[in-house]
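Asker: with the input below, show me the fold.
(chains A and B)
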Amino acid sequence: MQTAKKKSGGSKAVKWILIGISFVFIFLMLVLPLITVITEALKQGWQVYIEAVADEYTVKAILLTIEATVFAVAINTIFGLFAAWALTKFRFKGKKLLGTLIDLPVTVSPIIAGLIFVLTFGRQSPIYPLLEQLDIKIVFAVPGIIIATVFVTFPFISRELIPVLEAQGSDEEEAAALMGAKGFTIFRKITFPHIKWAFLYGVVLCAARAMGEFGAVSVLSGHLRGKTNTLPLHVEILFNEFKYVPAFAVASILVIMAVIILIVKSVAEYIGKRESENVR
Amino acid sequence: MKRATKRVIPGFGLSMGVTLSILSLVVLIPLASLVVFTANMDFGDVIATITRKRVLAGFEVSILTALIASLINAVMGVVLAWVLVRYDFPLKRIIDGMIELPFALPTAVAGIALTSLTADTGLIGGFFDKLGIKIAYTRIGIIIALVFIGIPFVVRAVQPVLEKLDGSYEEAALVMGASRTRIFWKVIFPEIRPAVFTGFGLAFGRCLGEYGSVVFIAGNQPYETEIVPLIIMSELQEYDYSSATAIALVMLAISFIILFGVNLIQMRNAKILKGGR
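Answerer: I've put the predicted structure just below:
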């Protein structure tokens, strides 16, 4: 394998040309935009930057973004763990269909996701009179933002867990069950240690997408500053008002979070891979 | 639910119950409301809405830009996957980690960053402006934003296949005197082709629905740079839910066709991988 690898690598010139193309592409498409955000944010110095970040509306947007992200991660964690358990430890009819339905939210355009919730809870919905009587506001309010965020990140955790659990099989769990272990004990002592890195990876991906969701949230938010503005929506408003420095300053918060997420993800993936190799 | 005589592992009822309840609340009921709303719409109105000139132009812009961007990503995805699997070079781990940046970076942030880079006053835009090419606020700008969004799909689809590829065929071909280009096209490419198609399909689907990164860079001129998701958005802002839904249904139909195609390829691919030729 090692020799084949070296031979098939082709001539040195081809190698360095391809590496060169990759570097240029990655630099132009990925690195340069990141640098732009930082330089634009600091264009007028730290003073202006800190002012933009500490702005009352920015802080409120951060808090709302955190709220939506926490809800999305919590609900999708519960769902992901149970769904992965149901889909990998048992045989039943309609498994494929269930899997497809779980994946559905990410295949839908975020705008359409928003539209679906407007139709469900909006003014023309059959349940709108009921919601009004109970004084529950969903569209153009915080609950709408939360539910849209949950929707667009729905399969993120289960999708990471299912392949790992499938590869692992269920012999160990069966043995434990036959020996009389309770369901939760089996999960805690046998299943979870196998999936912990995949789980962390899923949580990180879910959080990243939840923080950054724009389209679906934009449909449901109504853009009320200080009330229903998440960080990405706040960036949009500032940018459209030609307040570029504050827009990029707020965006830089999201860039920092994205970089942290990528690092955590790489580490989780690396350790997870090494551990599964050790087991084999 | 019958007592699980065959099911040794406990928790089927509970885990299925929780799964189905959350699925119903978050996905099924909202989808059902879309179906109900659609059922009450007049078919003639739907046709009238989706054949409006502006809507058709939107579909043209969306499909064309998504197609070109996904093709670029298919080529660059294979190059990147190849480089990351076959070669050793400095900064390799960092490059590998960066591939997923488009998943981690909020699309709105990508949108404003790319816009300011490619506007006339920006670093890249300024350069091309001297050559007479405008990027931001044209279809080229949309394509750039979509290339950014689609980078990870092909790379992450092709990478594992290349890693698992058996080197002995290549070696045999090399020993028999085949040129390297020929080996790539005759030995390696047929193996990774399904993965390239899968990645291409996923990227294409994602690009069609993309909103956040495109709205900033597109300029959003009707007939020229107005994408379908944006048309739906403006219908929603005017509270014209019927038109929005009609256009959304066409989008949904297209993405289901793409998804179906991807699944078909993946199933054939799995057969090849498992069945052994």
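
Asker: show me what contacts residue A:164?
Answerer: Taking C-beta atoms under 8 Å, 6 or more residues apart in numbering or on different chains, we find residue A:164 in contact with A:194, A:195, A:198, A:276. Using the backbone N, CA and C atoms, a C-beta is placed for each residue, glycine as well.

Asker: out of these, flag the one nearest to residue B:12.
Answerer: residue A:195 (18.5 Å; C-beta to C-beta).

Asker: hang on, the earlier thing: in a markdown table, list the contacts of residue A:164 along with neighbour count and secondary structure.
Answerer: Below are those laid out as a markdown table (neighbours: other C-beta atoms under 10 Å in any protein chain shown; DSSP: H, G, I helix; E, B strand; the rest coil):
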| residue | neighbour count | secondary structure |
| --- | --- | --- |
| A:194 | 19 | helix |
| A:195 | 23 | helix |
| A:198 | 22 | helix |
| A:276 | 15 | helix |
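
Asker: determine which two of the residues you listed are furthest apart.
Answerer: A:195 and A:276 (10.4 Å).

Asker: please enumerate the helices of the stretch 51-200 of chain B.
Answerer: Along the stretch 51-200 of chain B, the stretches classed as helices by DSSP state H, counting those that start in this stretch are B:53-86, B:92-98, B:101-104, B:107-118, B:123-130, B:139-164, B:167-175, B:180-183, B:189-209.

Asker: quick one: low-confidence residue ranges for the chain.
Answerer: Answering for chain A, as no chain was given. Counting by pLDDT under 70, the ranges of chain A that qualify are A:1-10, A:278-280.

Asker: that's the wrong chain, I meant chain B
Answerer: For chain B (pLDDT under 70), the answer is B:1-6, B:272-277.

Asker: contact partners for the residue nearest the centre of it?
Answerer: The centroid of chain B falls nearest to residue B:203 when counting by C-alpha atoms, centre = their mean (2.1 Å). Applying C-beta under 8 Å, 6+ apart to residue B:203 gives the contacts B:69, B:70, B:73, B:74, B:77, B:149, B:150, B:153, B:154.

Asker: now swap in residue A:187 and tell me
Answerer: A:85, B:11.

Asker: same thing with residue B:57?
Answerer: Residues near residue B:57 by C-beta under 8 Å, 6+ apart: B:222, B:223, B:224, B:226.

Asker: nearest to chain A, of the residues you listed?
Answerer: residue B:226 (13.1 Å; C-beta to the nearest C-beta).

Asker: what residues does the stretch 151-277 of chain B put near chain A?
Answerer: B:151, B:167-168, B:170-171, B:174, B:180, B:183, B:188, B:205, B:208-212, B:215-216, B:229, B:232-233, B:236, B:239, B:241, B:244-245, B:248, B:251-252, B:255, B:259 (C-beta under 8 Å from any C-beta of the partner chain).

Asker: what's the ChimeraX line that selects buried ones from these?
Answerer: Here is the ChimeraX selection string for the buried members of those, based on 16 or more other C-beta atoms under 10 Å in any protein chain shown:
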select /B:151,167,170,171,174,180,183,188,205,208,209,210,211,212,215,216,229,232,233,236,241,244,245,248,251,252,255,259
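
Asker: go ahead and confirm residue A:254 touches residue B:109.
Answerer: Yes. Under the criterion of C-beta atoms under 8 Å, residue A:254 makes contact with residue B:109 at 5.0 Å.

Asker: more neighbours: which of the two?
Answerer: residue B:109 (30 against 24; other C-beta atoms under 10 Å in any protein chain shown).

Asker: how close does the more buried one get to residue A:247?
Answerer: Going from residue B:109 to residue A:247 by C-beta to C-beta, to the nearest Å gives 9 Å.

Asker: quick one, what contacts the closest residue to residue B:7 other than its chain neighbours?
Answerer: Leaving aside its sequence neighbours, residue B:7 sits nearest to residue A:90 (C-beta to C-beta, 6 or more residues apart in numbering or on different chains; 6.0 Å). Shown in contact with residue A:90 (C-beta under 8 Å, 6+ apart): B:7, B:9, B:12, B:16.

Asker: can you tell me which two in those are farthest apart?
Answerer: B:9 and B:16 (12.5 Å).

Asker: for residue B:226, give me phi and psi.
Answerer: phi -100, psi 120 (degrees, to the nearest 10).

Asker: that one reaches residue B:61, doesn't it?
Answerer: Yes. Contact criterion C-beta under 8 Å: residue B:226 and residue B:61 qualify, at 6.3 Å.

Asker: shared neighbours of the two, which are they?
Answerer: Counting by C-beta under 8 Å, 6+ apart, residue B:226 and residue B:61 have no common neighbour.

Asker: out of the contacts of residue A:164, the closest to residue A:153 would be?
Answerer: Nearest to residue A:153 among the contacts of residue A:164, with distances taken as C-beta to C-beta, is residue A:198, at 16.0 Å.

Asker: from what I can see the closest one touches residue A:272, true?
Answerer: Yes. Counting by C-beta under 8 Å, residue A:198 does reach residue A:272; the two are 6.1 Å apart.
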